[in-house]
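Enquirer: A structural model of the following input is requested.
(one chain, ligands or ions: 2)
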Amino acid sequence: MIKIIGRMLALSGRRRSKLILSFFMNFLESMMGFVPVVTAYLALYWLQADAMTIGRIRLIAVALAAAVLLRYAFKLLEFNLQSGVGYEVMCDERLSLGKRLLRLPLGFYQDSDAGRISSILNDDLVFIEDTATAFISKTVGAIVGAIGMAAFMFAIDWRVALIACIGYPLAGIANHFIKRHMTVCSALRQQAHAEASSAMLEHLRGIFVIKAFGLDGAQGTRLRKALRNLEVVSCDLEMGALPLAFAYACCFNVCTACILGSVATFYLGSTMTLSSAFLFIILLFAFYAPMELLGASSSILRLMNACLDRAQDIMERPVMDEGCESEEPRGYGISFSGVAFSYGGNAVLDGVSFEAPQNTMTAIVGPSGSGKSTILGLIARFWDVEAGSVEIGGVDVTRMKRDQLMQHVSIVFQATYLFHDTVIGNIRLGRPDATDEMVMEAAKRARCHEFISRLDRGYETVLSEAGATLSAGERQRIAIARALLKDAPLVLLDEVTAHIDPENELLIQQAIDELVKGRTVFLVTHKLSTVKHADRIIVLDGRKGIAESGTHDELMGNDGPYAAMWAKSRRISSWQLCG
Ligand code: ADP
Ligand code: MG
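Expert: Ligands and ions are numbered 1, 2, ... in the order given. Next up is the predicted model:
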């Protein structure tokens, strides 16, 4: 409890004083709850002593009315202070988690799938924002209430107070077992929840394939299994806790019966006054109420702790730029020296070295899986090398902050992701401060203008998620328009024309020609015709290193893997011609 209050206070940052004040208001509010009990005791006491006067009746009435009003006022203040804080704190927390996620290496996204991350950002933080502040102050109020009532009871009659207090350690033992059960089950439940979210996301993303191939049965199995598992785990959590919760409630019921018995005995034995006996009977109904709430609260507190742990886990992951002083590149030549890289133990590159002078075009060719895209990823610092170095303009990329590095680099991938936004908004991503005219100019140069003009609302047409309303070739040209608008000196093109029909290919080729003018370009492709004019061709052969490199003519003369690739591609095109 103390730990979670500390964590919430630490999270609340500059809103801490508001939060503390709201807890204090809660304390005052629960103190007001005692006034009716005290007045009832006084009334009985005075009546019994035959000392009740009009003045005392008035005093009791005023005290009761004041207590109601004050209680309302404190509640209102507490609510006002608190209601915003939970949402504000969680909004800040989401934003900082978002920033952190951007700075994590891509490897993080491979280890933890989208379902798990979105479950942290949504379910976990929503749970905390909806529950945390209100819940903590309710719990603090309950503890204060219980301590106050116990003190009052001891002041009236210590014997009954002692019997009443025995209920707490007994309930504590039951609570310990509930806790143990919950700790095990809630971890399993969170796991099941994350798995269900991830299966649901996968199902929705793949819905086209699932429908097209009638895979509802096969592909739905993972989703069904995950949802069934969530159901089973959730039921286990509830059902397993039921007998323990029953035992917990029993502790209070047994103690209540003992108090009633002892009050009757003491009163009949004349060791307790009538007013005290009445008081205990009144208190009996209120004394255990806060503790029952606390019993229910311990599971919620644990869930809150677990949610905070998961969010903290992201915040504590090492980011790529931590503590690095950003250095400006001195030019835009690229050099790899002795680069080694592997994906989780699976070595892809080893001892790769080459130089690509500024304003030249370097083509990378090689079989699928030989590491072509990986080389581009290392230049853009999606990953960090394991050995050796990648330099841009003589500066190691690890010495540049990612956002600054990305200002110098434009990338066009094989598949372009378009956001659910207007066409103009999607192109403007390349340069957020560009005017409409600049965007249109880029669109024209990227051969997009014509098809955009044919859309219903032209540049203002909203594209559906992942740009599903445009053809692959059109999406690719939008990506090139983005890159043109960005106007970065380094351009990385990864299989831009793969899977594109010939008509689109021609347009894309024209758009690329615009893009590469006067820049340092890396071109990954398996269409050999497009690499012929490159200043340098790097050939990978799947054996983790560079098989050979040089200009087209040099490599053809070598009669090595490059020449073999040409021979193969000629054979394929002649088959196509014959067919
Ligand atoms: P290419 O672009 O030449 O087809 P890649 O650079 O994409 O090859 O991949 C090289 C090798 O690394 C392949 O065997 C591929 O399976 C593996 N690989 C690529 N990306 C990842 C990744 N994110 N995680 C794990 N392995 C990967
Ligand atoms: Mg690739």
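Enquirer: Residue in the stretch 201-350 of the chain with the shortest distance to ligand 1?
Expert: residue 343 (3.2 Å; Cβ to the nearest ligand atom). C-beta: built from backbone N, CA, C; applies to glycine.
Enquirer: Tell me where the model's unsure across the stretch 101-250 of the chain.
Expert: Scanning the stretch 101-250 of the chain for pLDDT under 70 picks out 107, 110-113, 215, 217-219.
Enquirer: can we see that at 90?
Expert: For the stretch 101-250 of the chain, applying pLDDT under 90 flags the ranges 101-153, 156, 164-191, 193-195, 197-224, 236-250.
Enquirer: near ligand 1, which residues of the stretch 251-400 of the chain show up?
Expert: 343, 346, 348, 366, 368-374 (Cβ under 6 Å from any ligand atom).
Enquirer: Centroid-nearest residue for the protein?
Expert: With distances taken as Cα atoms, centre = their mean, residue 121 lies nearest the centre of the chain, 3.1 Å away.
Enquirer: got a list of what that one touches?
Expert: 94, 97-98 (Cβ atoms under 8 Å, 6 or more residues apart in numbering).
Enquirer: how near is it to residue 194?
Expert: Computed as Cβ to Cβ, to the nearest Å, the residue 121 to residue 194 distance reads 12 Å.
Enquirer: that older thread, which one of the contacts of residue 121 sits in the busiest neighbourhood?
Expert: residue 97 (19 neighbours; other Cβ atoms under 10 Å).
Enquirer: which helices and strands sit right next to the helix or strand that residue falls within?
Expert: Using DSSP states H and E, residue 97 sits within helix 54-103. Applying 3 or more Cβ pairs under 8 Å, 6 or more residues apart in numbering; DSSP states H and E, we find helix 54-103 packed against helix 2-12, helix 16-32, helix 35-48, helix 125-156, helix 289-316.
Enquirer: TSV for those helices, including distance to residue 384 and mean neighbour count?
Expert: Converted to TSV, those look like this (distance: least, Cβ to Cβ, whole Å; neighbours: other Cβ atoms under 10 Å):
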stretch	distance to residue 384	mean neighbour count
helix 2-12	31	15
helix 16-32	37	19
helix 35-48	65	16
helix 125-156	29	19
helix 289-316	19	17
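Enquirer: Can you find the helix or strand of this protein with the lowest average pLDDT?
Expert: helix 106-111 (a mean of 69; mean pLDDT, DSSP states H and E).
Enquirer: How about the residues of the protein by ligand 1?
Expert: Along the chain, the residues adjacent to ligand 1 under the rule Cβ under 6 Å from any ligand atom are 110, 343, 346, 348, 366, 368-374.
Enquirer: Between all of those residues, which two are separated the most?
Expert: Farthest apart among the residues of the chain next to ligand 1 by Cβ to Cβ are 110 and 366. That separation is 22.9 Å.
Enquirer: And those two? Which one has more around it.
Expert: Remark: of residue 110 and residue 366, residue 366 carries more neighbours, 22 against 10, as counted by other Cβ under 10 Å.
Enquirer: got the angle for the lengthiest helix in the chain vs helix 289-316?
Expert: In the chain, assigned by DSSP state H, the helix with the most residues is helix 216-268. On the basis of axes from the mean of the first three to the mean of the last three Cα atoms, to 10 degrees, helix 216-268 is oriented at 140 degrees to helix 289-316.
Enquirer: which of the residues in the helix or strand that helix 216-268 is followed by are buried?
Expert: Moving toward the C-terminus from helix 216-268, the next helix or strand (DSSP H and E) is helix 274-287. Under the neighbour-count criterion of 16 or more other Cβ atoms under 10 Å, helix 274-287 has 275-280, 283-284, 287 buried.
Enquirer: for stretch 382-396, same thing?
Expert: With burial defined by 16+ other Cβ under 10 Å, the residues of stretch 382-396 counted as buried are 382-383, 385, 388-393, 395-396.
Enquirer: Run through the helices of the stretch 301-450 of the chain in chain order.
Expert: For the stretch 301-450 of the chain, helices defined by DSSP state H, counting those that start in this stretch occupy the ranges 372-379, 402-407, 423-428, 436-445, 449-454.
Enquirer: What's the local residue count around residue 335?
Expert: If you count neighbours by other Cβ under 10 Å, residue 335 ends up with 17.
Enquirer: returning to what we had before: could the helices and strands packed on helix 54-103 go into a markdown table alongside distance to residue 424?
Expert: Output for these, formatted as a markdown table (distance: least, Cβ to Cβ, whole Å):
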| stretch | distance to residue 424 |
| --- | --- |
| helix 2-12 | 39 |
| helix 16-32 | 42 |
| helix 35-48 | 65 |
| helix 125-156 | 33 |
| helix 289-316 | 34 |
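Enquirer: Among those helices, which comes closest to residue 183?
Expert: Of all the helices and strands packed on helix 54-103, helix 289-316 sits nearest to residue 183, with 6.3 Å by Cβ to Cβ.
Enquirer: just to revisit the earlier point, mind listing the residues bridging to the residue of the stretch 201-350 of the chain closest to ligand 1?
Expert: Beta-bridge partners for residue 343, by DSSP bridges, are residue 346.
Enquirer: got a pLDDT number for the closest residue to residue 392 other than its chain neighbours?
Expert: Distance criterion Cβ to Cβ, 6 or more residues apart in numbering; nearest residue to residue 392, sequence neighbours excluded, is residue 329 at 4.5 Å. pLDDT for residue 329: 87.
Enquirer: Same question for residue 545.
Expert: So, for residue 545, pLDDT stands at 86.
Enquirer: can I assume it is in contact with residue 353?
Expert: No - with contact defined as Cβ atoms under 8 Å, residue 545 does not reach residue 353; the gap is 9.0 Å.
Enquirer: That'll do, ta.
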